[in-house]
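# Sequence first, predicted model second:
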Amino acid sequence: MDKVLLKKLGDPEAHKIDNYVKAGGYKALGMALKMPPDNIIQAVKDSGLRGRGGAGFSTGLKWSFIPKDPTIKKFLCCNADEGEPGTFKDRGIIDWDPHLLIEGMIIASYAIGAAKSYIYIRGEFALGAARLDAAIKEAYAKGYLGPNVMGTGFNHDMFVHRGFGAYICGEETALLESIEGFRAQPRKKPPFPALAGLYSKPTVINNVETLSCIPAIIERGAKWFSSIGPEKSPGPKIFCVSGHVKKPGLYELPMGTTLREIIFNHAGGMLTEKPLKAVIPGGVSAPMLTEKDLDTSMDFDSLAAKGTMLGSGAVVVMDSSACMVKTAYIINRFFSHESCGKCTPCRDGTPWLTNILMRLEHGEGKQGDVELLEGLCANIFGRTFCPLGDGAVMALRGALKNFRNEFEYHAKTGRCLG
Ligand SMILES: Cc1cc2nc3c(=O)[nH]c(=O)nc-3n(C[C@H](O)[C@H](O)[C@H](O)COP(=O)(O)O)c2cc1C
């Protein structure tokens, strides 16, 4: 498969508009602006593209929920918060190929009838924000943004909004609150953003990688896109590989590539002679898998069938030196630190989990701690305002399911097993 999303990675000149246009950039926008908006939405539906931000919702279907009434203002927001630990794919697009994202966003905005769009980028991504600001300026100068885009009568303005570096800012409704100038906390759903989003207007929120697939779908066709990978989760996918491998990094591969291929064919295999013990397939919220699961196809449905998820596509590999109690403690500490405080089960439950894991890890655990962790998980899961609390529980439950003996050993002896 030739690369679609990361073809410019490592090319220091690729982010400039002249080079982007020379390589065929903005051709898809020209094609899209000649199409009726509904045909674009249909093409995106037919392509089978599912959101790359974590939930895997059909992108075309999401766009089709936006009311058609031209008198109602609509917005597009690009989620470039990229907060899930282990995830660094959106940066790979923004830093090296910002016009790919911008082109995808203009097409998406035209399809849903949005005159304004926002890129919500994590505050720490200074290079990415600067690249986007410069690229947007170039796009205005060349007539791809602003009034009368490419002489078609379509008007579009695009803004970069820098976030403040909290994980919750990536939750789509908290992101909208943040753009509006409020503290980033999730909103009650329904109403969903497609009906009442930014400034209470119909809004589509999509991930960077999702939107960056759009130019190729327009240019090469929905059929081409849907022919890549599994029928129900097609297209190219960026996998972020980190941990105990020889070549950590970004790998753009067909969706459905197996974990074994990703780790051993692309990421160079295990870092040392030590065998693989556990692998997180989709960011730290995704329950971990073990050696026996390495032939799992990396797509939304196959991973769900294994009780885990594709999430952001962040593959974290751990060898036999990793203690699962320590791993669970570190992951949980992240979630409790990032809990936004809006709802009690998450605000009070995640630090409670962290305290128990900390005492287990520090050799001060008590008999019954494992059961206490399980009881707390049951009281958090499904009872929080947004999925942040669920993520904390899913990660811990994955560790307990596969490595319960390590937790029990810690509780009994105060030490690591083996
Ligand atoms: C706590 C939390 C953090 C999230 N962080 C991100 C993020 O950093 N980037 C992202 O694209 N989606 C993130 N999401 C998912 C978004 O809420 C939303 O589903 C996504 O942006 C939709 O885009 P997509 O349909 O293109 O995947 C997060 C969700 C939750 C609950």
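Good, I have the coordinates.
# Pick out the residue closest to the middle of this protein.
residue 53 (3.0 Å; C-alpha atoms, centre = their mean).
# next one: phi and psi at it?
phi -80, psi -10 (degrees, to the nearest 10).
# just checking, it touches residue 313?
No - Residue 53 is beyond contact range of residue 313, at 10.3 Å (criterion: C-beta atoms under 8 Å). C-beta coordinates here come from the backbone N, C-alpha and C atoms, glycine included.
# overlap in contacts of the two?
Common neighbours of residue 53 and residue 313 are not found (criterion: C-beta atoms under 8 Å, 6 or more residues apart in numbering).
# what does the stretch 1-150 of the chain have sitting close to the ligand?
51, 52, 53, 54, 55, 57, 79, 81, 82, 83, 84 (C-beta under 6 Å from any ligand atom).
# I'd say the last one and residue 286 touch.
No - the pair residue 84 / residue 286 is not scored as a contact, 9.0 Å apart, by C-beta under 8 Å.
# Between those two, which contacts overlap?
Common neighbours of residue 84 and residue 286, using C-beta under 8 Å, 6+ apart, are residue 311.
# more crowded one of the two?
residue 286 (28 against 24; other C-beta atoms under 10 Å).
# didn't the more buried one look like it was pressed against residue 395?
Yes - counting by C-beta under 8 Å, residue 286 does reach residue 395; the two are 7.4 Å apart.
# Now for these two: what residues contact both?
In contact with both residue 286 and residue 395: residue 280, using C-beta under 8 Å, 6+ apart.
# Single out the residue in the stretch 151-300 of the chain that lies closest to the ligand.
residue 170 (2.2 Å; C-beta to the nearest ligand atom).
# and that residue, what does it touch?
Residues in contact with residue 170 (C-beta under 8 Å, 6+ apart) are 53, 79, 81, 82, 83, 84.
# just to revisit the earlier point, show me just the buried residues among the residues of the stretch 1-150 of the chain next to the ligand.
By neighbour count, with 16 or more other C-beta atoms under 10 Å, those hold 51, 52, 53, 54, 79, 81, 82, 83, 84 as buried.
# Could you say whether the last one sits in a helix, a strand or coil?
Just to be clear, that refers to residue 84. Using DSSP: H, G, I helix; E, B strand; the rest coil as the criterion, the local structure at residue 84 reads coil.
# Quick check on it: phi, psi?
Dihedral angles of residue 84 (phi, psi; degrees, to the nearest 10) stand at phi -70, psi 120.
# The fifth one too?
When read as degrees, to the nearest 10, the backbone of residue 79 gives phi -90, psi 100.
# The fourth one now?
Residue 54 adopts backbone torsions of phi 140, psi -40, taken as degrees, to the nearest 10.
# secondary structure element for residue 178?
helix 172-179 (DSSP states H and E).
# neighbouring contacts of that helix?
Residues contacting helix 172-179 (C-beta under 8 Å, 6+ apart): 77, 79, 81, 118, 120, 161, 163-164, 168-169, 183-187, 189, 193, 197-198, 203, 205, 340, 386.
# Stretch 124-140 too?
Identification of contacts with stretch 124-140 by C-beta under 8 Å, 6+ apart yields 15-17, 80, 82, 91, 94-95, 98-99, 101-102, 106, 119, 121-122, 145-146, 158-160, 162, 165.
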